[in-house]
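S.K.: Structure, please.
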Amino acid sequence: MSKLKSAIIGFGSIAQTHVEALKEGNVSKVVAVCDINPDKLESVKEACPGAKAYTDYAKLLDDRLADVIHICTPHYLHMPITVKALQTGHDVYLEKPAGMNTAEIERIIDESEKYGRKVCVSFQNRVIPSNWAAKCILESGELGAIKGLKGIVTWHREGEYYTESGWRGSWSKEGGGVLMNQSIHTLDLMCFLGGPINNVNGTASLRKNRGTIEVEDTAEATLYYENGAVGIFYATNCYISDSPIELEVVCENGSLLIRDDMLYKNVNSEIEKITENSKAIVGKSCWGVGHQIMIWNFYSVLQGGTEYYCDIRDALPSMKAIEGIYASYSDTLVNRPF
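M.R.: Predicted coordinates:
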């Protein structure tokens, strides 16, 4: 098979991870890169030899140099760029969140179907070894029916994290705070592992950096699943550091715990370590190897393979859960536009 050609729109830190994943897997050649900041494009020559540099994403898409577009921009640009990419005949690898709300994700789904193109959403935590092993164990039925899930994210963000970005911390550009950015992967895993959710009841509030940001930095919720399970979720950016994410699934005949990059199975109080995640080749350690695996899987599927990737439709459940939390309680949020 001939190697596919790729273009990257938004050349920040996460884009560098995409570039390295493409190189490491030898699945594509990056032929074009776009960023509105010309200074960022100075690094393109070294990172992507021979790639054409753009500051206008529409021009890049209209030139049709690439087969696959990687969208690594601020959240508010995800939907319009994805739609334009689909309309110009490209498949898309889209960073999370897939949109600012369910309406935007549904628009992408409609355009994907209309133009017959694929969109992979970068919920890459689904395919890192511990989480994928947990999914396989749960689907095997060996632990019986799922009874409950628990997801805990306690991280740390100071005001500079928001002000230096030029887009984080606002409803109009980020679309939300800890729910839409830091903990959306954990909520997605609770949907991925637990199944469809019927109802959500929660709270969201801003407790730190008031006056600097508008969006929530703390949220909690109870998730009611179609299968009768109950989920408990808590996330905050107000802790003193980024502590390990904890995810637990309790079943009839045992439980699974994912913490410190490891999966543990507990049956009759006998705890077994099932798997440990490989460290990231590039990027932040908390990203793990998920980007590499998800990107490689997607490119394989584009050339006829059958590997798993996170389709755009799979991005709806976690977004619906987030909107459920916002809808059930928002008294302490500033300038919330919905």
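S.K.: those helices in the stretch 151-300 of the chain, which residues are they?
M.R.: Using DSSP state H, counting those that start in this stretch, the helices of the stretch 151-300 of the chain run over residues 159-163, 184-194, 290-302.
S.K.: Let me know which of those helices is the nearest to residue 107.
M.R.: Smallest distance to residue 107 across those (CB to CB): 18.8 Å, for helix 184-194. Glycine gets a C-beta too; all of them are placed from N, C-alpha and C.
S.K.: which other residues reach that closest one?
M.R.: Residues outside helix 184-194 that contact it (CB atoms under 8 Å, 6 or more residues apart in numbering) are 96-97, 123, 125-126, 131, 134-135, 138, 146, 149, 151-153, 179, 197, 223, 225, 227, 229, 231, 233, 235, 245, 247, 249, 314-315, 317-318, 321-322.
S.K.: so can I have JSON lines of the helices of the stretch 151-300 of the chain showing mean pLDDT and distance to residue 39?
M.R.: Below are the helices of the stretch 151-300 of the chain laid out as JSON lines (pLDDT from 0 to 100; distance: least, CB to CB, whole Å):
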{"stretch": "helix 159-163", "mean pLDDT": "96", "distance to residue 39": "18"}
{"stretch": "helix 184-194", "mean pLDDT": "98", "distance to residue 39": "29"}
{"stretch": "helix 290-302", "mean pLDDT": "96", "distance to residue 39": "24"}
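S.K.: any idea how far residue 54 is from the residue nearest to residue 118 when sequence neighbours are not counted?
M.R.: Residue nearest to residue 118 in three dimensions, not counting chain neighbours: residue 91, with 4.7 Å by CB to CB, 6 or more residues apart in numbering. Applying CB to CB, to the nearest Å, the value for residue 91 to residue 54 is 19 Å.
S.K.: Can I get stretch 121-134 in PDB? Just the C-alpha atoms.
M.R.: In PDB, the C-alpha atoms belonging to stretch 121-134 read as follows (Å, rounded to 0.1, in the frame of the first residue of the first chain):
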ATOM      1  CA  VAL A 121     -11.700  11.500  17.600                       C
ATOM      2  CA  SER A 122      -8.600  11.500  19.800                       C
ATOM      3  CA  PHE A 123     -10.000   9.700  22.800                       C
ATOM      4  CA  GLN A 124      -6.700   7.900  22.800                       C
ATOM      5  CA  ASN A 125      -7.000   6.700  26.400                       C
ATOM      6  CA  ARG A 126      -9.400   4.100  25.200                       C
ATOM      7  CA  VAL A 127      -6.600   2.100  23.500                       C
ATOM      8  CA  ILE A 128      -3.800   2.400  26.100                       C
ATOM      9  CA  PRO A 129      -3.100  -1.100  27.400                       C
ATOM     10  CA  SER A 130      -4.700  -0.900  30.900                       C
ATOM     11  CA  ASN A 131      -8.000   0.600  29.600                       C
ATOM     12  CA  TRP A 132      -8.200  -1.700  26.600                       C
ATOM     13  CA  ALA A 133      -7.600  -4.700  28.900                       C
ATOM     14  CA  ALA A 134     -10.300  -3.500  31.200                       C
END
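S.K.: Which stretches in the stretch 101-250 of the chain count as strands?
M.R.: Remark: strands assigned in the stretch 101-250 of the chain by DSSP state E, counting those that start in this stretch are 119-121, 146-154, 197-205, 218-225, 230-236, 246-251.
S.K.: Turn these into CSV, including mean neighbour count.
M.R.: Converted to CSV, the strands of the stretch 101-250 of the chain look like this (neighbours: other CB atoms under 10 Å):
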stretch, mean neighbour count
strand 119-121, 28
strand 146-154, 21
strand 197-205, 18
strand 218-225, 20
strand 230-236, 21
strand 246-251, 20
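S.K.: Now render these as a markdown table, adding distance to residue 272 and mean pLDDT.
M.R.: Listed next are those as a markdown table, based on distance: least, CB to CB, whole Å; pLDDT from 0 to 100:
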| stretch | distance to residue 272 | mean pLDDT |
| --- | --- | --- |
| strand 119-121 | 32 | 98 |
| strand 146-154 | 19 | 98 |
| strand 197-205 | 29 | 96 |
| strand 218-225 | 26 | 98 |
| strand 230-236 | 24 | 98 |
| strand 246-251 | 15 | 98 |
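S.K.: With distance to residue 83 as extra columns, can I get those strands in TSV?
M.R.: Below are those laid out as TSV (distance: least, CB to CB, whole Å):
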stretch	distance to residue 83
strand 119-121	10
strand 146-154	30
strand 197-205	27
strand 218-225	29
strand 230-236	29
strand 246-251	33
